[in-house]
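K.L.:
What follows is a predicted protein model with its sequence.
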Amino acid sequence: MKGTVLYGARDVRFEDVPEPKIIHPTDAIIKLSATCICGSDLWPYRGLNEIDSPLHMGHEYCGVVIEVGSDVKTVRPGQFVVGSFCLSDNTCPHCRFGFQSSCAHREFMTGAQAPYARVPLADGTLVATAEMPDADMIPHMLAVSDVLGTGWYAADAAQVHKGSTVVVVGDGAVGLMGVLSASQMGAGRIIAMSRHADRQKLAREFGATDIVEERGEEGIARIMELTDGVGAESVLECVGMETSMQQAVGVCRPGGTIAYVGVPHGVSFDGQQLFFRQQRMLGGPAPVRRFLPDLMNRVLEGGIHPGKVFDLVLPIAQVAEGYKAMDERRAIKTMLRVGE
Ligand SMILES: [Zn+2]
């Protein structure tokens with residue numbers, strides 16, 4: 001079969017790769033219904049992460065199980081499944097505490113930008129639906145696997161609740177999902193920081209009540225003005241740069257919480273600033289597995305439409321164009337059709 005392989009900066013190819021096979025008895029093989037490109041795939045694509053050998057790309061997935069290893073008990077061939085980008089046993093102490101993304105046996109999913117993929121730790125990672133979802137559900141189910149799961153974790157970690165004032169830093173796909181999640185959790189006010197008209201429109205559709213276009217000190221000043229000088233109790237940092245983190249720190253009220261889900265690149269903290277600002281912080285790779293059953297239900301019941309975040313859909317053979325479009329910010333997020 002053909003799959004997506006990254007060789008180095010801006011060199012991604014759709015080429016022959018080995019068919020995935022059961023390696024461990026806890027593995028499953030799935031036939032992808034669709035797959036997509038993550039904002040985090042752009043770090044190695046832009047050459048900002050060193051890579052030693054070609055990478056089999058893709059960690060967001062949903063599809064139909066075609067084969068399982070001898071130890072797999074909870075999913076079987078023929079079932080439609082969604083899994084997290086973090087592979088977990090879902091039984092160790094960290095998993096039972098709700099942090100499957102720190103599982104004692106954690107691995108990260110790879111190779112999902114392909115027609116077929118191997119999912120290790122299938123019992124702990126995959127969640128099956130009762131029935132085969134309609135084709136129009138696929139983009140929304142795919143979004144649950146990472147981008148919505150991460151936005152949801154950001155809102156959960158930032159302790160968003162009914163009536164909360166929330167600031168979302170970053171208008172990428174995860175930030176937009178953070179807006180949707182905060183809205184689902186009943187936030188009273190959701191301030192989205194965005195300077196792109198198309199993303200502002202989507203943010204409003206997902207539940208943003210205010211848009212702030214300014215950045216840096218000006219952005220902080222604008223949000224302090226909007227919140228009567230208080231700041232927000234929940235801040236979702238969905239970028240991972242020093243400037244975005246400072247933005248988050250600058251608008252979070254004392255006693256408030258900053259959730260950070262963008263992989264930090266060049267971010268550092270000042271101990272005394274942390275001490276005197278009295279802010280709570282929780283972040284890291286999202287334990288999407290914790291939220292999967294709930295989010296899949298919300299999608300299947302038609303309550304949320306996270307797949308709207310895919311503003312470019314291409315056949316997987318054109319995966320290189322999908323990366324390019326996201327790199328050049330022509331697309332928020334690219335979905336890849338498989339099996340054609
Ligand atoms: Zn575990």
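P.N.:
Cool, the structure landed.
K.L.:
what about the strands in the stretch 51-200 of the chain?
P.N.:
Applying DSSP state E, counting those that start in this stretch to the stretch 51-200 of the chain gives strands spanning 55-56, 61-68, 80-83, 86-87, 107-108, 116-119, 126-128, 165-169, 189-193.
K.L.:
for the fifth one, the distance to its chain's centre please.
P.N.:
Here strand 107-108 shows a centroid-to-chain-centroid distance of 15 Å under the convention C-alpha atoms, centre = their mean, to the nearest Å.
K.L.:
Any stretches of this structure with poor pLDDT?
P.N.:
Applying pLDDT under 70 to the chain flags residues 340.
K.L.:
can you do 80?
P.N.:
The chain contains residues with pLDDT under 80 at 49-50, 339-340.
K.L.:
Quick test: name the residue nearest the centre of it.
P.N.:
Using C-alpha atoms, centre = their mean, the residue of the chain that lies closest to the mean C-alpha position is V147, 2.5 Å off.
K.L.:
Any figure for the gap between it and the ion?
P.N.:
23 Å (C-beta to the ion, to the nearest Å). From N, CA and C alone the C-beta is placed, and that goes for glycine too.
K.L.:
Out of the strands of the stretch 51-200 of the chain, which is the most enclosed?
P.N.:
Greatest average neighbour count among the strands of the stretch 51-200 of the chain goes to strand 165-169 (a mean of 31), per mean count of other C-beta atoms under 10 Å.
K.L.:
Which neighbours in the sheet does that strand have, and how are they oriented?
P.N.:
Strand 165-169 has the following sheet partners, assigned by DSSP bridges: strand 189-193 (parallel), strand 232-237 (parallel).
K.L.:
So which residues make contact with the very next helix or strand once past the longest one?
P.N.:
On the C-terminal side of strand 232-237, the closest following helix or strand by DSSP states H and E is helix 242-251. Contacts of helix 242-251 with the rest of the structure, by C-beta atoms under 8 Å, 6 or more residues apart in numbering, involve 167, 169-170, 193, 215-217, 219-220, 223-224, 227, 231-232, 235-239, 258, 260, 262, 264, 266-269, 273, 277, 279.
K.L.:
Go through helix 242-251 and flag the buried ones.
P.N.:
Applying a neighbour-count criterion of 16 or more other C-beta atoms under 10 Å, one finds 244-251 buried in helix 242-251.
K.L.:
and it with strand 189-193, angle?
P.N.:
Relative orientation of helix 242-251 versus strand 189-193 (axes from the mean of the first three to the mean of the last three C-alpha atoms, to 10 degrees): 150 degrees.
K.L.:
from the middle of its chain, how far away would helix 242-251 be?
P.N.:
Computed by C-alpha atoms, centre = their mean, the separation of helix 242-251 from the middle of its chain amounts to 20 Å.
K.L.:
Which element is encountered next along the chain beyond it?
P.N.:
strand 252-260.
K.L.:
Contact residues of this structure facing the ion?
P.N.:
88-89, 92, 95, 103 (C-beta under 5 Å from the ion).
K.L.:
out of the residues you listed, what pair is the most spread apart?
P.N.:
S88 and C92 (7.8 Å; C-beta to C-beta).
K.L.:
Can you check which residues contact both of those two?
P.N.:
Common contacts of S88 and C92 (C-beta under 8 Å, 6+ apart): 103, 105.
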